[in-house]
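Undergrad: return atomic coordinates for the entry below.
(2 chains)
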Amino acid sequence: MSTILIAYLDPFTGSMVLQLLAAGFVGFLAFFKPIINLFTGKKKSEDKLDDWDETASEKSSTSDAADSDNNSAE
Amino acid sequence: MTSSAQNFGSFRDPAGRVFELDNKIYRSVTNVGQKDYQFFLDSGLAESLQKSNWIIPFRQVERPEAELAQDNVYAWLSVDKVPFISYPYEWSFHQLKDSAVLTLKIQLAALKKGMSLKDASAYNVQMYKGRPIFIDLLSFECYEEGKPWVAYRQFVMHFLAPLLLMSKRDIRFSEMFRNWIDGFPLDFASKNLPWTTHWSPSCLVHIHWHAKLLRKYESTRGEVPDKTVGNMSKEKLTKFLEGLLDYVQSIKAPHPTTEWGDYYNDLNYSDAAFKFKQEIVGQICQRLDPKVVCDLGANCGEFSRVLPKTVSTIISPDIDPVAVDKNYVQVRTQKETNIYPILQDLTNPSPGIGFLNRERKSFMERARCDVSLSLALIHHLCIGNNLPFDYVARMLSSLGDRAILEFVPKQDSQVQRLLSSREDIFPEYDLDHCISAFRSYFLSVETFPISDSDRTLILFSK
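TA: Model (predicted):
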């Protein structure tokens, strides 16, 4: 017994299953990450070039940027 | 029957098609795409993404022309035209990385509005006004609670796998996009990444385990075992995507030494000659007033930046991935909106790829310009690659009606360096033979000897 996912792009079962399994794994890692970083001394990247938002126009920083929590439809 | 105005590469998604008519871009939304498109507007997602400059500006219009008679069309969109279309195999590390980050941020923004990206192809992103922008307006579908991200595999194949291979193995891996139009096979990525990447939990999950699971379930495509369905709440999916975004943002560019690394510190002529060259190029371009210039062999874009501000599009190709990346990073940080750095080997430019070699156009089809600049390039083509002057003239003639070329004579130390390890089989490599070959393609020739140097700038016009 299985459920068929219909999509215009073939979603591939392996990729679907991986997300379901990894969701738990990622949450588990996220919980321990601050503790691990405390020991390894690893800091969040300060490389400005890695932040895509650096390139966002002035418009986006002053208006309702797409990822603003205030914009949530929920 | 497809319209002649239809973009050949626009055939996969039944929700709509892309058309080009009179130099304008239109997108049809079919009845198949009606529901998702309407929700894209009604949810406010379209407006929000446009305000953030994350998606290409568009507006809904009446059917533009009689030539675009199509069945089952729900709406027509007029879309801003990207001045120079480029493809992921022509992007530098940060161009691909920024495009990946943009795609994930759009997916997270879409989820908040009750939508999801139904595909995550790198071809959905283009460089536009100095930064990546998402161009596929019909990639958004209504989100179904409990459903994992259908485009996750495509995202990993198009973005994560090549970025990791470039970062951990070799920056030139991106060029393999030419072979795989739908991204890097994950078993290939898993095999070619260093073994130590198994110690990175994110790489282990997204690449190595992912490749294994794809193999395990390859005979059951589209089917998800019952016990796992419904387990991926929106909250879990969001966390998963945020983790993926963090991981992509943490991938560092490799820093290899390349042939061009210190080019501008290792020049063969004086500061005065360099300045003179800058001035002459600027003056010629001011006189010709071109709108589109192609700065062939641009290196880090030094000369792309001396062009008059009236040039609206500067295509800035170079063979060196590090130089292209430096050029792009400068474009992005300085908010330069008219320079388009791309990776390109002029002796083997990007061919047309995909079905019938027509889904993605060749570089020579895309790089049409008013003026081409070939500064300190001719010796690499003619001596480094044995190309006759006639071939180079033919290439520049097909790019545009005017060409500015810097002739580098044989006595120049850069040429001597190329000849130092090989026999000189170029008895005709001189200014006269060069001009004579170009006269077959260009009517007018103006020369400008570069003071304090043996080099000459030449303006060829048709």
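
Undergrad: now B:Arg215. Nearest residue, chain neighbours left out?
TA: Spatially, and ignoring its direct neighbours in sequence, B:Arg215 is nearest to B:Asp187 (6.7 Å; Cβ to Cβ, 6 or more residues apart in numbering or on different chains). In this view, the C-beta of every residue, glycine as well, is placed from N, C-alpha and C.

Undergrad: count the residues that sit near that neighbour.
TA: Number of residues near B:Asp187 (other Cβ atoms under 10 Å in any protein chain shown) recorded here: 15.

Undergrad: report pLDDT for B:Val311.
TA: Listed pLDDT for B:Val311 reads 94.

Undergrad: now do the phi/psi pair for it.
TA: Backbone torsions of B:Val311, given as degrees, to the nearest 10, read phi -80, psi 120.

Undergrad: quick check: the spatially closest residue to it that is not a sequence neighbour vs chain A, distance?
TA: Spatial nearest neighbour of B:Val311, excluding adjacent residues (Cβ to Cβ, 6+ apart): B:Val293 at 5.2 Å. Computed as Cβ to the nearest Cβ, to the nearest Å, the B:Val293 to chain A distance reads 23 Å.

Undergrad: for B:Ala8, give me its contacts.
TA: Just so we're on the same page, residue B:8 is Phe rather than Ala. Counting by Cβ atoms under 8 Å, 6 or more residues apart in numbering or on different chains, B:Phe8 makes contact with B:355-356, B:358-359.

Undergrad: now those in TSV, with neighbour count?
TA: Below are the contacts of B:Phe8 laid out as TSV (neighbours: other Cβ atoms under 10 Å in any protein chain shown):
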residue	neighbour count
B:Phe355	11
B:Leu356	7
B:Arg358	14
B:Glu359	18
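
Undergrad: any weak-confidence spans in chain A?
TA: Across chain A, the ranges flagged by pLDDT under 70 are A:1-10, A:26-27, A:29-31, A:36-37, A:40-74.

Undergrad: need the contact list for the residue most central in space within chain B.
TA: Computing the C-alpha centroid of chain B and ranking residues by Cα atoms, centre = their mean puts B:Ser86 first, at 3.2 Å. Applying Cβ under 8 Å, 6+ apart, we find B:Ser86 in contact with B:126-127, B:340, B:342, B:366.

Undergrad: looking at it now. What's its pLDDT?
TA: As summarised for this prediction, B:Ser86 has a pLDDT of 97.

Undergrad: ditto for the one 10 residues further on
TA: pLDDT, B:Leu96: 96.

Undergrad: kindly report the same for B:Asp22.
TA: Note for B:Asp22: predicted pLDDT of 83.

Undergrad: who's in contact with it?
TA: With Cβ under 8 Å, 6+ apart, B:Asp22 has these contacts: B:Glu65.

Undergrad: show the backbone phi and psi for it.
TA: According to degrees, to the nearest 10, B:Asp22 has phi 50, psi 50.

Undergrad: same check, this time on B:Ile280
TA: Phi and psi for B:Ile280, reported as degrees, to the nearest 10, are phi -60, psi -40.

Undergrad: correct me, but it touches B:Phe448?
TA: Yes. Using Cβ atoms under 8 Å as the test, B:Ile280 is close enough to B:Phe448 to be in contact (5.2 Å).

Undergrad: hey, what's in contact with both of those two?
TA: Common neighbours of B:Ile280 and B:Phe448 (Cβ under 8 Å, 6+ apart) are B:Leu457.

Undergrad: let's have the contacts of B:Phe8 in CSV, adding pLDDT.
TA: Shown next, in CSV, are the contacts of B:Phe8 (pLDDT from 0 to 100):
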residue, pLDDT
B:Phe355, 86
B:Leu356, 88
B:Arg358, 86
B:Glu359, 88
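
Undergrad: so can I have a markdown table of the residues you listed showing secondary structure?
TA: Formatted as a markdown table, those follow (DSSP: H, G, I helix; E, B strand; the rest coil):
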| residue | secondary structure |
| --- | --- |
| B:Phe355 | helix |
| B:Leu356 | helix |
| B:Arg358 | coil |
| B:Glu359 | coil |
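
Undergrad: which of those sits closest to chain A?
TA: Distance to chain A, by Cβ to the nearest Cβ, is smallest for B:Glu359 among the contacts of B:Phe8, at 16.0 Å.

Undergrad: how is chain B divided into domains?
TA: Domain assignment for chain B by automatic domain parsing gives B:1-81, B:102-250, B:263-461.

Undergrad: kindly list the longest helix within chain A.
TA: Ranked by residue count under DSSP state H, the longest helix found in chain A is helix A:13-40.

Undergrad: by contact count, what packs against that helix?
TA: Contacts defined by 3 or more Cβ pairs under 8 Å, 6 or more residues apart in numbering or on different chains; DSSP states H and E place helix A:13-40 against helix B:152-155, helix B:210-216, strand B:223-225, helix B:234-250.

Undergrad: contact partners of the second one?
TA: Counting by Cβ under 8 Å, 6+ apart, the neighbours of helix B:210-216 from elsewhere in the structure are A:12, A:14-15, A:17-18, B:153, B:156, B:186-187, B:189-190.

Undergrad: so B:Tyr441 makes contact with B:Arg394?
TA: Yes. Contact status for B:Tyr441 versus B:Arg394: in contact at 6.5 Å, counting by Cβ under 8 Å.

Undergrad: any idea how far B:Gly243 is from chain A?
TA: Distance, B:Gly243 to chain A, using Cβ to the nearest Cβ: 4 Å.

Undergrad: now B:Ser174
TA: From B:Ser174 over to chain A (counting by Cβ to the nearest Cβ), the distance is 17 Å.

Undergrad: re earlier: hang on, isn't the residue nearest to B:Val311 packed against B:Gln286?
TA: No. Using Cβ under 8 Å, B:Val293 is not in contact with B:Gln286, being 11.9 Å away.

Undergrad: out of those two, which sits in the more crowded spot?
TA: The neighbour count for B:Val293 versus B:Gln286, taken as other Cβ under 10 Å, is higher for B:Val293 (29 against 13).

Undergrad: list phi and psi for the residue nearest to the centre of chain B.
TA: Dihedral angles for B:Ser86 - degrees, to the nearest 10 - are phi -130, psi 160.

Undergrad: do you know how far it is from B:Leu381?
TA: Taking Cβ to Cβ, to the nearest Å as the measure, B:Ser86 and B:Leu381 are separated by 22 Å.

Undergrad: likewise B:Gly44?
TA: 52 Å.

Undergrad: just B:Ile106 next, same as before
TA: B:Ile106 is 41 Å from B:Leu381, by Cβ to Cβ.

Undergrad: and B:Leu418, by the same measure?
TA: Distance of B:Leu418 to B:Leu381, computed by Cβ to Cβ: 11 Å.

Undergrad: the residue nearest to B:Val311: what secondary structure?
TA: Per three-state DSSP, B:Val293 ends up strand.

Undergrad: quick one: residues contacting it.
TA: Shown in contact with B:Val293 (Cβ under 8 Å, 6+ apart): B:285, B:304, B:307, B:311, B:313-315, B:369-373.

Undergrad: show the buried residues in the contacts of helix B:210-216.
TA: Buried members of the contacts of helix B:210-216, counted by 16 or more other Cβ atoms under 10 Å in any protein chain shown: A:12, A:14-15, A:17-18, B:153, B:156, B:186, B:189-190.

Undergrad: export these to JSON lines and tack on distance to B:His198?
TA: Listed next are these as JSON lines, based on distance: Cβ to Cβ, whole Å:
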{"residue": "A:Phe12", "distance to B:His198": "22"}
{"residue": "A:Gly14", "distance to B:His198": "18"}
{"residue": "A:Ser15", "distance to B:His198": "19"}
{"residue": "A:Val17", "distance to B:His198": "20"}
{"residue": "A:Leu18", "distance to B:His198": "16"}
{"residue": "B:Arg153", "distance to B:His198": "20"}
{"residue": "B:Val156", "distance to B:His198": "16"}
{"residue": "B:Leu186", "distance to B:His198": "14"}
{"residue": "B:Ala189", "distance to B:His198": "13"}
{"residue": "B:Ser190", "distance to B:His198": "9"}
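
Undergrad: follow-up on the earlier one: who's the residue nearest to B:Val311 bridged to?
TA: Judged by DSSP bridges, the bridge partners of B:Val293 are B:Ile314, B:Val371.
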